[in-house]
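Enquirer: here is a sequence together with a model predicted from it:
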2 protein chains.
Amino acid sequence: MQAADDARPGLWARSRQRAYDEITEVAMDLFLANGFAQTTIDEIVAVAGISRRSFFRYFGTKEDVVLDHFIADGAVLRAALERRPDGEDIWAALRGAVFSLAGEVPDEERLLAVSRMMYETPSLRARSMEKHLHWYDHLAPEVERRLGAGAGGKLRARAIVGCVVTCLDLAGEAWLQDGAAAPLETYFDAALNAIRRPLPTRPSPPG
Amino acid sequence: MQAADDARPGLWARSRQRAYDEITEVAMDLFLANGFAQTTIDEIVAVAGISRRSFFRYFGTKEDVVLDHFIADGAVLRAALERRPDGEDIWAALRGAVFSLAGEVPDEERLLAVSRMMYETPSLRARSMEKHLHWYDHLAPEVERRLGAGAGGKLRARAIVGCVVTCLDLAGEAWLQDGAAAPLETYFDAALNAIRRPLPTRPSPPG
DNA sequence: CGCCTGCTGGCACTGGGTGTCAGCTAGGCA
DNA sequence: TGCCTAGCTGACACCCAGTGCCAGCAGGCG
């Protein structure tokens, strides 16, 4: 057995990545053309030219095809959070971490279509939230560390992460409904401001 | 055809309710004894003495058996919210509405076991969150009405509801982990206080 | 009594997901 | 160069949740 932590991008790994990408592309095309629920695994594997069994070696569920390249991995997010400066306000740090992962969007039209599918398909939303739950476990410890020791620190940290995630989800919903009229950050900030208490009288008003 | 809104507790309706209750009891016993995922519909219907097909006439999915008597219906929650006094703070109103629905708990041990099952079974958590999503649509309009007109009122209302639901979920998690050491309200308040800005009444001294 | 309505069981079927096995191929090693 | 094995693959047989359909039966009513 080889050390698992030793990165070795051999021919197999590359071939596997190619297959993974190809299945994803084929499946997404079918989903967008005919709808997620209406597309069966059999159709996907027929077009992709692989066996039904192999499909499930790449993706645990049908939903994962959509979510794997849409929902960031918890570990990646945590790494992004750890890169934030240590003294930063916790809300700003989480915000920065989340949006630092947003990459370039080559095809906004397609992104909108995929997003719409995500929000309209119950099984996809459910599974995406399941993935969001995973975020809690990755992010909460780092949040707790930044907040410092305190009674009920765990619940406190999870609540903060939970609200950020919820606001992000709702921001996406609003962003989608507006047809991406404004950047996602705008909606996110609006949502977050709605739930936090109004700012106390600031000692240093902006000039 | 009879008017659907005309309540008619005839023999049929009562018999149906009896069957519903009996299936629920049988299924819950099996779930708690052998685990949710490990219990098949076939086992349930065998013990309950009904056909497989009839089971799905009472419950849309296997998960619904657990959730129907655990997750409050959105319409019921909205009604509870509408009963709150009109001038009440929106957070207090939501809190009051949610906890006004909590009934008597005859068997705390069983409640804990069911809760544990809920939080440990991915498909149950996923579907429970799906039901929570339904809450948004029911509660947000009333929240928006109470907040009064304003820019981005819809997102604002949904964010508030979303955070209350998230905190409730996380409170339940903490409550469960503590073995119900304190009432759920305590955890809920702690979670909500964590996400809102500190009260502007007085600058808190560093302790 | 006969009629309608709505529930019921039985059956066949779809579709997602898993276990197993035999066959193939990349790459290490002698 | 040729063997060996680790890891991939397709094929087949399953399991189980959920649905459509149909025939039969029981409650409610004129």
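Expert: Looks like it came in fine. If you're wondering where the values come from, they're calculated on a predicted model, not measured in any experiment.

Enquirer: which SSE is A:Ser128 in?
Expert: If you go by DSSP states H and E, A:Ser128 is part of helix A:122-147.

Enquirer: also A:Glu104?
Expert: Using DSSP H and E, no helix or strand contains A:Glu104.

Enquirer: burial measure for it, as a count.
Expert: 4 (other C-beta atoms under 10 Å in any protein chain shown). No exception for glycine: its C-beta is placed from N, CA and C like everyone else's.

Enquirer: again with A:Leu184
Expert: A:Leu184: 17 surrounding residues under other C-beta under 10 Å.

Enquirer: what's near enough to touch it?
Expert: A:Phe99, A:Ala102, A:Ala171, A:Gly172, A:Trp175 (C-beta atoms under 8 Å, 6 or more residues apart in numbering or on different chains).

Enquirer: can you give me the neighbour number for the third one?
Expert: Other residues near A:Ala171 number 23, with proximity taken as other C-beta under 10 Å.

Enquirer: which ones among the contacts of A:Leu184 map onto helices?
Expert: Counting by DSSP state H, these place A:Phe99, A:Ala171, A:Gly172, A:Trp175 in helices.

Enquirer: which of these tops the neighbour count?
Expert: So for those (other C-beta under 10 Å), the most neighbours sit at A:Ala171, 23 neighbours.

Enquirer: I'd guessed that residue sits against B:Leu155; true?
Expert: Yes. Assessed by C-beta atoms under 8 Å, A:Ala171 is found in contact with B:Leu155 at 7.4 Å.

Enquirer: quick check: neighbours shared by those two?
Expert: Common contact partners of A:Ala171 and B:Leu155 (C-beta under 8 Å, 6+ apart): A:Tyr187, A:Ala190, A:Ala191.

Enquirer: pLDDT value on the second one, please?
Expert: Right, the one you point to is A:Ala190. A:Ala190 is assigned 96 on the pLDDT scale.

Enquirer: for it, give its distance to DNA strand D.
Expert: 36 Å (C-beta to the nearest atom of the strand, to the nearest Å).

Enquirer: and for that residue, the neighbour number?
Expert: 19.

Enquirer: residues from chain A in reach of DNA strand C?
Expert: Within chain A, the positions adjacent to DNA strand C are A:10-12, A:39-42, A:52-53, A:56, A:60-63 by C-beta under 7 Å from any atom of the strand.

Enquirer: repeat that with 6 Å
Expert: For chain A, the residues in contact with DNA strand C (C-beta under 6 Å from any atom of the strand) are A:Gly10, A:Leu11, A:Trp12, A:Thr40, A:Ile41, A:Asp42, A:Arg53, A:Phe56, A:Gly60, A:Thr61, A:Lys62.

Enquirer: which among the shared contacts of A:Ala171 and B:Leu155 are in contact with chain B?
Expert: A:Tyr187, A:Ala190, A:Ala191 (C-beta under 8 Å from any C-beta of the partner chain).

Enquirer: the helix or strand of chain A with the lowest mean pLDDT packs against which elements?
Expert: The helix or strand of chain A with the poorest confidence is helix A:11-34; it has a mean of 89 (mean pLDDT, DSSP states H and E). If you count contacts as 3 or more C-beta pairs under 8 Å, 6 or more residues apart in numbering or on different chains; DSSP states H and E, helix A:11-34 packs onto helix A:41-48, helix A:52-58, helix A:62-67, helix A:108-120.

Enquirer: from A:Pro106, how far out is the residue nearest in space to the middle of chain A?
Expert: Centroid check for chain A by C-alpha atoms, centre = their mean gives A:Ile71 as the closest residue, at 2.6 Å. Separation of A:Ile71 from A:Pro106 (C-beta to C-beta, to the nearest Å): 19 Å.

Enquirer: just to revisit the earlier point, the inter-axis angle of the helix holding A:Ser128 versus helix B:108-120?
Expert: Relative orientation of helix A:122-147 and helix B:108-120, computed by axes from the mean of the first three to the mean of the last three C-alpha atoms, to 10 degrees: 100 degrees.

Enquirer: count the neighbours of A:Arg57 for me.
Expert: Other residues close to A:Arg57 by other C-beta under 10 Å number 11.

Enquirer: and for A:Glu63?
Expert: By other C-beta under 10 Å, 20 other residues sit near A:Glu63.

Enquirer: ok, the one 10 residues further on next?
Expert: For A:Asp73, the tally of surrounding residues (other C-beta under 10 Å) stands at 14.

Enquirer: residue contacts, it?
Expert: By C-beta under 8 Å, 6+ apart, the contact set of A:Asp73 is empty.

Enquirer: and it, backbone torsions?
Expert: Backbone dihedrals for A:Asp73, given as degrees, to the nearest 10, come out at phi -70, psi 140.

Enquirer: separation between it and DNA strand D?
Expert: 19 Å.

Enquirer: for chain B, see how far away that residue is.
Expert: As for A:Asp73, its distance to chain B is 17 Å (criterion: C-beta to the nearest C-beta, to the nearest Å).

Enquirer: that residue and A:Asn34, how far apart?
Expert: Relative to A:Asn34, and taking C-beta to C-beta, A:Asp73 is found at 28 Å.

Enquirer: number of residues surrounding the residue lying closest to A:Val105 once chain neighbours are set aside?
Expert: In space, and not counting its chain neighbours, A:Val105 is closest to A:Leu111: 5.4 Å by C-beta to C-beta, 6 or more residues apart in numbering or on different chains. If you count neighbours by other C-beta under 10 Å, A:Leu111 ends up with 14.

Enquirer: swap in A:Gly179?
Expert: 9.

Enquirer: how is chain A divided into domains?
Expert: Chain A breaks down by automatic domain parsing into domains covering A:11-61, A:74-195.

Enquirer: which residues touch the residue nearest to A:Gly162 when sequence neighbours are not counted?
Expert: In space, and not counting its chain neighbours, A:Gly162 is closest to B:Thr166: 4.3 Å by C-beta to C-beta, 6+ apart. By C-beta under 8 Å, 6+ apart, the contact set of B:Thr166 is A:Ala159, A:Gly162, A:Cys163, A:Val165, A:Thr166.

Enquirer: again, only using 6 Å
Expert: Contacts for B:Thr166 (C-beta atoms under 6 Å, 6 or more residues apart in numbering or on different chains) come out as A:Gly162, A:Cys163, A:Thr166.

Enquirer: in what helix or strand does it lie?
Expert: In the assignment (DSSP H and E), B:Thr166 maps to helix B:153-177.
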